[in-house]
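Trainee: No sequence on hand, only this structure:
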């Protein structure tokens, strides 16, 4: 698994650390992690993109794959450390209006206020 | 749809459908009826004042006389017996497509479309809406360079005429704006006096006050005014949609006359229905919202007057992606404006019902739908080249429900387009996703058969509602999202505008094990069942039943009241069992019903019909 996960805020927030490339070859894993988290009633997710330099449509699809279920359970998917090429991609697809983005993982975790 | 062998039979041309190539002025010239004269004059006076109206009237009359002279005697004879209440019937199903959605190796796209229609649409779909097929500079055809030419990359007018042999045709009248690369706009830039009033101009980009700007309702977030350099210096032009789409100025009667002339040219070239694109924004007036203005309605009504007099077979459909109650204003009084309006609330409500497993909103809204007149009806589409508009349901669904619907669309691999609220904020305008992907999750563990059942169940609702159903071509075979195209082209609408290679598409449609075949077979089944039933005539009465939130149920009764169909769709993945009183379906005591989709019979007992529906099952019960 190229994604690393850890829990913060006494296990209430799941931080998912993304690899350099989030594309078709790994998008399924990201979907799976998000699915498993929500099935365990963990709806506060932070996606750490500090290392990520490339993302394709599959990666984008994975990023939003649990956005409705988290929000309908008072949670959210929030992004941290998003780099310029990914920011552009989010703007192009209007997903910048969906995601809250933070400069650090800690800021994203703290934003949940739990 | 089932494959039918392509034939090269020599089709006999129905002369009542085709105009002459040249006007025949040796026959009696058209004489405008007095009441038509009055109706047209009244509108021109309101729009332009008495003096200008008198001048413009002469031109309108001339244009109508010219048009009439192109009619063959067979057409004039056929029009004498034309019954506007039978303009649309249960036999009408409209396919929406770009002219080049399917491409072949050695044929022009319009020839490929003809092959597709010949092979897969016969006996089912009778009307083709070919999205703008004119030369264009952007917006996939909606920034037209020349209104009167066929884009040579697609084909010729002869190719359009060939499509008319077997199908009714719907053309777009993209009259709100014109391409910045058009000759008209170039003439304006060149300071040709004839074209100076063709566009809405301001001396500077900041000429419109902030207060006025805030009032203007637009579906885009781009700048309203676009600066341009002309021979006479810098000016700014009104651009509702994009800098490449320059709004035409209908305050100039010359623009109106040009458009009336082009409309009639489309009729002579084969249009049976004209779709007035983005007509909401046609007339702009500072200090107003610039949408749905009275002048806009009058322009449409004037076009209707012209058609009623010299092209009564031709219908106007308005494309107004706005809240439902505003949308239906385009029917006028049911006899004087559009004969058909896009039923824009239907797609988001059907989608919301399937997403949530609850038909509550759909049922409530559908219960309030009324027949406007026996000459006007709804265009019941679920998808098109654009996305699923959410503005039409902003007074039907709560803000939270709309937001959740949009989030579900994201989860299904779609995107959201936003509109400028005029106050610095934006809100969702449409959901960009294919209908199949909107209804089904691609990463689901469900079986393909269940997903296809769910898809067909959702499509069946548009088939049974009062109106004429429309299908975007890719939905005939359950097209999935093309998210790569969104990134490649930088447009979220590209998700549903994929083009197909003829050979591979035909192979998929003929592969009985594949999903494209299964979807097309399911679609063909409900289409063919619909077009046989008088109870599905657009003017047949409609009664929505409140059975449970898990089903959508509707009773349609033919105009002559002799036939009745109860259409029930299970919108969830669980079996639904319930009983319906025979009297709710118009029965006296006991009734016998046959499901016209499966052939199964149902008989009531003690005045009640006991029904059990499998997940996503659709029953169309013809009862007696």
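Mentor: Thanks, I have the structure now. Model, not experiment: these values are computed from the prediction.

Trainee: all contacts plus neighbour counts: C-alpha atoms, from now on.
Mentor: OK.

Trainee: Show the pLDDT at the closest residue to chain B within chain A.
Mentor: Nearest residue of chain A to chain B: residue A:65, at 4.3 Å (C-alpha to the nearest C-alpha). For residue A:65, the model assigns a pLDDT of 97.

Trainee: what helix or strand is it on?
Mentor: Under DSSP states H and E, no helix or strand contains residue A:65.

Trainee: Next, the contact list for it, please.
Mentor: Applying C-alpha atoms under 8 Å, 6 or more residues apart in numbering or on different chains, we find residue A:65 in contact with A:31, A:34, B:410, B:411, B:412, B:413.

Trainee: Let's see that with 10 Å instead.
Mentor: Residues near residue A:65 by C-alpha atoms under 10 Å, 6 or more residues apart in numbering or on different chains: A:30-32, A:34-35, A:59, A:77, B:407-413, B:441, B:443.

Trainee: got the phi/psi numbers for it?
Mentor: Dihedral angles of residue A:65 (phi, psi; degrees, to the nearest 10) stand at phi -70, psi -20.

Trainee: Now do the same for residue 27: helix, strand or coil?
Mentor: Picking chain A for this. The three-state label given to residue A:27 by DSSP: H, G, I helix; E, B strand; the rest coil is helix.

Trainee: OK, contacts around it?
Mentor: A:3, A:21, A:55, A:56, A:57, A:58, A:59, A:60, A:61, A:62, A:63.

Trainee: let's go with 6 Å and repeat that
Mentor: Taking C-alpha atoms under 6 Å, 6 or more residues apart in numbering or on different chains, we find residue A:27 in contact with A:58, A:59, A:62.

Trainee: Present these as TSV; the columns should include secondary structure and pLDDT.
Mentor: Shown next, in TSV, are those (DSSP: H, G, I helix; E, B strand; the rest coil; pLDDT from 0 to 100):
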residue	secondary structure	pLDDT
A:58	helix	96
A:59	helix	97
A:62	helix	97
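
Trainee: Most neighbours among the residues you listed, which one?
Mentor: If you count neighbours using other C-alpha atoms under 10 Å in any protein chain shown, the busiest of the contacts of residue A:27 is residue A:62, which has 28 neighbours.

Trainee: for the nearest residue in space to it that is not next to it in sequence, phi and psi?
Mentor: Closest residue to residue A:62 apart from its sequence neighbours, by C-alpha to C-alpha, 6 or more residues apart in numbering or on different chains: residue A:31 at 5.0 Å. Phi and psi for residue A:31, reported as degrees, to the nearest 10, are phi -60, psi -40.

Trainee: okay, the residue in the stretch 351-500 of chain B that chain A sits nearest to: pLDDT?
Mentor: Among the residues of the stretch 351-500 of chain B, residue B:411 lies closest to chain A, at 4.3 Å counting by C-alpha to the nearest C-alpha. pLDDT, residue B:411: 97.

Trainee: Make sure it is actually in contact with residue A:61.
Mentor: No. At 7.2 Å, residue B:411 does not count as touching residue A:61 under the criterion of C-alpha atoms under 6 Å.

Trainee: Check the spacing between the most centrally placed residue in chain A and residue A:7 real quick.
Mentor: By C-alpha atoms, centre = their mean, chain A has its centre lying nearest to residue A:47, at 2.9 Å. For residue A:47, the distance to residue A:7 equals 12 Å [C-alpha to C-alpha, to the nearest Å].

Trainee: Find residues that contact each of the two.
Mentor: Residues touching both residue A:47 and residue A:7 by C-alpha under 6 Å, 6+ apart: residue A:15.

Trainee: Return the set of buried residues in stretch B:506-525.
Mentor: Buried residues in stretch B:506-525, counting neighbours by 16 or more other C-alpha atoms under 10 Å in any protein chain shown, are found at B:506, B:508-510, B:515-525.

Trainee: Which helix or which strand is home to residue B:350?
Mentor: Using DSSP H and E, residue B:350 maps to helix B:346-356.

Trainee: mind checking the SS state of the closest residue in space to residue B:135 that isn't next to it in sequence?
Mentor: In space, and not counting its chain neighbours, residue B:135 is closest to residue B:151: 4.4 Å by C-alpha to C-alpha, 6+ apart. The three-state label given to residue B:151 by three-state DSSP is coil.

Trainee: Equivalent analysis for residue B:407, please.
Mentor: Residue B:407 - assigned by three-state DSSP - is helix.

Trainee: Can you tell me which residues in the stretch 401-550 of chain B are near chain A?
Mentor: B:407, B:408, B:411, B:413, B:483, B:484, B:490 (C-alpha under 6 Å from any C-alpha of the partner chain).

Trainee: just to revisit the earlier point, name all residues that make contact with the residue nearest to residue B:135.
Mentor: Residue B:151 makes contact with B:133, B:134, B:135, according to C-alpha under 6 Å, 6+ apart.

Trainee: at 8 Å instead, please
Mentor: Contacts for residue B:151 (C-alpha under 8 Å, 6+ apart) come out as B:133, B:134, B:135, B:136.

Trainee: Show the model's pLDDT score for it.
Mentor: For residue B:151, pLDDT reads 98.

Trainee: again with residue B:583
Mentor: On pLDDT, residue B:583 comes in at 87.

Trainee: residues contacting it?
Mentor: Residue B:583 makes contact with B:589, B:607, according to C-alpha under 8 Å, 6+ apart.

Trainee: Against chain A, how distant is it?
Mentor: For residue B:583, the distance to chain A equals 41 Å [C-alpha to the nearest C-alpha, to the nearest Å].

Trainee: before we move on, what about residue B:41?
Mentor: Taken as C-alpha to the nearest C-alpha, the span from residue B:41 to chain A is 48 Å.

Trainee: where do the helices sit along the stretch 201-350 of chain B?
Mentor: Under the criterion DSSP state H, counting those that start in this stretch, the stretch 201-350 of chain B contains helices at B:210-215, B:253-268, B:294-310, B:324-327, B:346-356.

Trainee: Next: chain A.
Mentor: Remark: helices assigned in chain A by DSSP state H are A:24-39, A:57-63, A:67-71, A:84-92, A:105-110.

Trainee: residues of the longest one that come out buried?
Mentor: If you call a residue buried by 16+ other C-alpha under 10 Å, then helix A:24-39 has these buried ones: A:24, A:26, A:27, A:28, A:29, A:30, A:31, A:33, A:34, A:35, A:37, A:38.

Trainee: now the fourth one
Mentor: By neighbour count with 16+ other C-alpha under 10 Å, helix A:84-92 contains the buried residues A:86, A:89, A:90, A:92.

Trainee: check those residues against chain B, which are close?
Mentor: Applying C-alpha under 8 Å from any C-alpha of the partner chain to the buried residues of helix A:84-92, one finds that A:89, A:92 fall near chain B.

Trainee: among the residues of the stretch 401-550 of chain B next to chain A, which ones are buried?
Mentor: Neighbour-count burial (16+ other C-alpha under 10 Å) applied to those gives B:407, B:408, B:411, B:413, B:483.

Trainee: Dump the residues you listed into TSV; add distance to residue B:571 as well.
Mentor: Listed next are those as TSV, based on distance: C-alpha to C-alpha, whole Å:
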residue	distance to residue B:571
B:407	20
B:408	17
B:411	19
B:413	21
B:483	27
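
Trainee: which of these lies closest to residue B:380?
Mentor: For those, the residue nearest residue B:380 by C-alpha to C-alpha is residue B:408; the value is 22.8 Å.

Trainee: pretty sure that closest one contacts residue A:68?
Mentor: Yes. Here residue B:408 lies in contact with residue A:68, judged by C-alpha atoms under 8 Å, at a distance of 5.5 Å.

Trainee: re the thing from before, how about TSV for the contacts of residue B:151, with distance to residue B:144, neighbour count and pLDDT added?
Mentor: Formatted as TSV, the contacts of residue B:151 follow (distance: C-alpha to C-alpha, whole Å; neighbours: other C-alpha atoms under 10 Å in any protein chain shown; pLDDT from 0 to 100):
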residue	distance to residue B:144	neighbour count	pLDDT
B:133	9	28	98
B:134	6	24	98
B:135	6	22	98
B:136	4	22	98
